[in-house]
Structure formats: C-alpha cells, structure tokens
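Undergrad: Turn this into a structure:
(chains A and B)
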Amino acid sequence: SQKIEQNSEALNIQEGKTATLTCNYTNYSPAYLQWYRQDPGRGPVFLLLIRENEKEKRKERLKVTFDTTLKQSLFHITASQPADSATYLCALVNSGNTPLVFGKGTRLSVIA
Amino acid sequence: GAVVSQHPSWVICKSGTSVKIECRSLDFQATTMFWYRQFPKQSLMLMATSNEGSKATYEQGVEKDKFLINHASLTLSTLTVTSAHPEDSSFYICSARDLLKDMNTEAFFGQGTRLTVV
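TA: Modelled structure (predicted):
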C-alpha cells in the first residue's frame, strides 16, 4: 500500500542547532515533493518544493534534499530559532493537478 | 502572494443541523479546489476534489450526500456538512492552486474551520 511516513512525531532541539526532519514514502512515484509548515489551528503554509530531477533546494535557512532511489526527503532548518517551532508536513504529488497527499507531520520544538 | 480565504474560522452547531464553509481564492482563479479534514495530531486527509462547474470527486469513505460541495465559480467553493453529528467535529481545510502558474506548484490553503457539533 502507499505510505508517506515522517518518522518523528515530535522533535526537540536546542536553539541554534540544525533540525533535520525525514520523510519516507512507499509505492509512490512523485513528480515532486513539498514541505509545509502548520501552526496550531491554522492551515498549512508552503515552504519549499523539490522536483524528482532535483537533488537539493535551498531557501534562506531551509534546505531540502530528495533521493528518489532511497524514496526519501530530508528537511533541514539551520540556526534554528524558537519561532521555528511548528508542525512540518511533507506532501507528494504524482502528476498534474492531482491533490497533495500528506504525511502526519513532525512537531518541532526549538528550545531557547 | 496568492491568498485563500476560508470562513468561518470556527463554528459550533447543534447535532442535526447543517453548516456551510466557504473557500475563496482572493487574487487568482482556481478551476480545482481540494477539501481536507484533519483530526488532532493526524495528517490532512483529502475528502474531495472540487471542480468548477462540475460535480466534485469524493474520496473513498466520504459520503457525498453528507458533505455537499459546490464550486460555482473560479474563485468560490463551498462545503456543507448536512445533518451534522458530534463525530463530524474536526478541522476542515480547503486548498487551491493558481491556474496561471505551472501546475507543478505550491498549493495555497485556507485558514481552516474548526467545527464542533454538540
């Protein structure tokens, strides 16, 4: 069956460190993968998109990698800050205008 | 950037009544909008895909007669929860993409609607 797994439900890290979140998928062939941030009681907010033919994408303190052989994406936040505390969701799209399919998310807490 | 506005942000209703949730794309056109439901500490689960001018496509296990979706224009989709029951209490979120951009692009989400049925 198809699965998207974010293998940490919660992650606590010290301010200033790099947070690394993992997204693994099974039985998908995604055209691209996206990462979203969701704060409590709010809708998700888009962060980064990486296509199947891209290995790495960066945006300010954020970095995403995509390994289609391992079927895995890693999401890094460098120099983490307490304001980065939120739930981070990975999402896949197979092709075209098909809907996003989400993982359960990882709740990140950055401790000052 | 593109904005999707969802109303209301929260609603409490009595069991057996109906509730309508609106989702508007404010500065772009969306032929397709998606409706998700999210239970606490769970992922967003797709309920249905709403296409402008045609019937919505529902995911398996989602009752189309209970969750009525109307997408009458390129900027508005509505979800009506009919004869609501306490088990329908959840966080409902709509999503849309910008037609004019590359289809392989980000989705914009509404703020979500917290429905509580008492």
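Undergrad: Tell me who's in contact with the residue of chain B at minimum distance from chain A.
TA: When you check chain B against chain A by Cβ to the nearest Cβ, the closest residue turns out to be residue B:109, at 3.5 Å. For the C-beta atoms, the positions are set from N, CA and C on the backbone; glycine is no exception. With contacts defined as Cβ atoms under 8 Å, 6 or more residues apart in numbering or on different chains, the neighbours of residue B:109 are A:36, A:43, A:44, A:45, B:4, B:93, B:94, B:95.
Undergrad: burial of the second one, as a residue count?
TA: When counting by other Cβ atoms under 10 Å in any protein chain shown, one arrives at 24 neighbours for residue A:43.
Undergrad: which one is it nearest to, not counting chain neighbours?
TA: Once flanking residues are discounted, residue A:43 sits nearest to residue B:109: 3.5 Å by Cβ to Cβ, 6 or more residues apart in numbering or on different chains.
Undergrad: Repeat that for the fourth one.
TA: With sequence-adjacent residues excluded and distances taken as Cβ to Cβ, 6+ apart, residue A:45 is closest to residue A:37, at 5.1 Å.
Undergrad: Kindly report the same for the first one.
TA: The shortest distance from residue A:36 to any non-neighbouring residue, by Cβ to Cβ, 6+ apart, is to residue A:44 (3.8 Å).
Undergrad: Contact partners for the one you found?
TA: A:36, A:37, A:38, A:89, B:44, B:93, B:109.
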